[in-house]
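Trainee: Fold the following, please.
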Amino acid sequence: MTRLRVPSRKTLNSLLLNGIMIAFLVVVMAPIVLTLIISFKDQQDTIRKPPVLFPCDTETDSFDWGACRWASEGYQRVLAPESSDSLLGFKLTGKMFRVYIPNTLLYATVTSFGVTILAGMSGFAFSRYRFRGRSLLMAAILAITGVPLLTNILALYQMGVILRRSAFPFNDRVFLIVVYLGFFLPLSVWIAKGFFDTIPRDLEEAALIDGASPVGALRHVTMPAALPGLTAIFLLTFVNVWNEFLAGYLLVAKNELKPVMFGLYDFLSANIINLQVIAAACILLALPMIVIFLFARRIFFMAMVEGAVKG
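Mentor: Modelled structure (predicted):
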């Protein structure tokens, strides 16, 4: 007589964990997949009642994948130049990729480099040196990370108004970049410190014994070892600036200087009933961040895990 094999507790825990992860993945990916499907529908399919998941003929009893009508109307209208004629009575726009995306690339790149450099130097100092007030300063930096940008937005707006009325020339781009630097730097300092803590000091001491100066040991030994962590800080800051909306919307006076999320907001107000156009714009704006993380995911997660060991 064959005895039934009872799964071990370890196997049951593994199955339960995998089931929870799969369920979480489905919940997270469902809106993204739905947005992608809508972006390839035409206007008729987006307003169909009752709604259908795929743009297919619902009169047939069986699902026919070949009967689906995948349209690129949404992407064509997002990418169309501003001078094009209207389509279906709606004005086309290319301002998203001519104005807003270059603005955001500038803000994200400059802010990410600035945060990476400042966080790298601060994290190294907090990790390697013991000075009076170090613990208090680290606690203050940690407390600042819990302050949302919304609570400071009114004061920042008043500062922007005062600076625009001042005698010396002022640029909204510089002001917005400084705001981003101040908002994203505190958390990056903690991440950098945690990663520098994982780098053995013996490497620097060996370089000093071999005749290297402290700056030379930092440049040739410590910084190359900390490069994955600094890369993670750069990527994290870049994505945060790319997705930021509130500061770019309120602190920049001229629309031609606003970031891409304001462009999406403006685009949304002009195409509120064209769901396929809005979905196409969302997919195109999310695509660069997806590509960046696909290529840099190994470096990013390695830095996050190693930085959390002692951070």
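Trainee: and residue 181, what does it touch?
Mentor: Residue 181 makes contacts with 111, 114, 115, 118, as judged by CB atoms under 8 Å, 6 or more residues apart in numbering. For glycine as for every other residue, the C-beta is placed from the backbone atoms N, C-alpha and C.
Trainee: Nearest residue to the third one in space, please, no chain neighbours.
Mentor: Closest residue to residue 115 in three dimensions, ignoring its sequence neighbours and counting by CB to CB, 6 or more residues apart in numbering: residue 237, at 4.6 Å.
Trainee: same deal with the last one?
Mentor: The shortest distance from residue 118 to any residue that is not its chain neighbour, by CB to CB, 6+ apart, is 5.9 Å, and that residue is residue 185.
Trainee: now the helices: where do they sit in the stretch 101-250 of the chain?
Mentor: Under the criterion DSSP state H, counting those that start in this stretch, the stretch 101-250 of the chain contains helices at 101-128, 134-145, 153-164, 172-197, 201-209, 214-217, 223-243, 246-250.
Trainee: what's the spacing between the residue nearest to residue 124 when sequence neighbours are not counted and residue 250?
Mentor: Spatial nearest neighbour of residue 124, excluding adjacent residues (CB to CB, 6+ apart): residue 196 at 5.4 Å. Distance, residue 196 to residue 250, using CB to CB, to the nearest Å: 36 Å.
Trainee: more neighbours, the two?
Mentor: Counted by other CB atoms under 10 Å, residue 196 and residue 250 do not tie: residue 196 has more neighbours, with 26 against 16.
Trainee: Show the pLDDT at the more buried one.
Mentor: Residue 196 is assigned a predicted lDDT (pLDDT) of 84.
Trainee: For it, list the residues it contacts.
Mentor: Counted by CB under 8 Å, 6+ apart, residue 196 has contacts 123, 124, 126, 127, 128, 222, 226, 229.
Trainee: For these, which single residue is the most surrounded?
Mentor: Counting by other CB under 10 Å, top hit in those: residue 229 with 30 neighbours.
Trainee: tell me, how many neighbours does residue 8 end up with?
Mentor: For residue 8, using other CB under 10 Å, the count is 9.
Trainee: The one 5 residues further on too?
Mentor: The tally of other residues near residue 13 (other CB under 10 Å) stands at 11.
Trainee: hang on, it in a helix?
Mentor: Yes. Assessed by DSSP: H, G, I helix; E, B strand; the rest coil, residue 13 belongs to a helix.
Trainee: From residue 71, how far out is it?
Mentor: For residue 13, the distance to residue 71 equals 46 Å [CB to CB].
Trainee: what do you get for residue 157?
Mentor: Distance from residue 157 to residue 71, by CB to CB: 42 Å.
Trainee: the more surrounded of the two?
Mentor: Shown here are residue 157 and residue 71; by other CB under 10 Å, residue 71 has more neighbours (18 against 13).
Trainee: Shouldn't the more buried one be within a strand?
Mentor: No. Using three-state DSSP, the assignment for residue 71 is coil, not a strand.
Trainee: Does it touch residue 40 like I think?
Mentor: Yes. Counting by CB atoms under 8 Å, residue 40 is a contact partner of residue 71 at 6.2 Å.
Trainee: sorry, back to before: out of the helices of the stretch 101-250 of the chain, which gets nearest to residue 284?
Mentor: helix 101-128 (9.1 Å; CB to CB).
Trainee: Please name every helix or strand in contact with the closest one.
Mentor: helix 134-145, helix 172-197, helix 223-243, helix 260-270 (3 or more CB pairs under 8 Å, 6 or more residues apart in numbering; DSSP states H and E).
Trainee: Turn those into TSV, including distance to residue 280.
Mentor: Below are the helices and strands packed on helix 101-128 laid out as TSV (distance: least, CB to CB, whole Å):
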stretch	distance to residue 280
helix 134-145	35
helix 172-197	27
helix 223-243	18
helix 260-270	10
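Trainee: that older thread, residue 180: which of the contacts of residue 196 is nearest?
Mentor: residue 123 (18.6 Å).
Trainee: give the contact list for the closest one.
Mentor: 188, 189, 190, 191, 192, 193, 194, 195, 196.
Trainee: which one among these gets closest to residue 100?
Mentor: Using CB to CB, the contacts of residue 123 come closest to residue 100 at residue 188, 25.2 Å.
Trainee: ok, that closest one to residue 229 distance?
Mentor: 10 Å.
Trainee: where does residue 258 fall, phi/psi-wise?
Mentor: phi -80, psi 160 (degrees, to the nearest 10).
Trainee: doesn't residue 251 make contact with it?
Mentor: No. With contacts counted by CB under 8 Å, residue 258 stays clear of residue 251, the gap being 9.5 Å.
Trainee: Tell me which of those two has more neighbours.
Mentor: residue 258 (25 against 19).
Trainee: what about the residue nearest to residue 124, distance to residue 240?
Mentor: Taken as CB to CB, the span from residue 196 to residue 240 is 22 Å.
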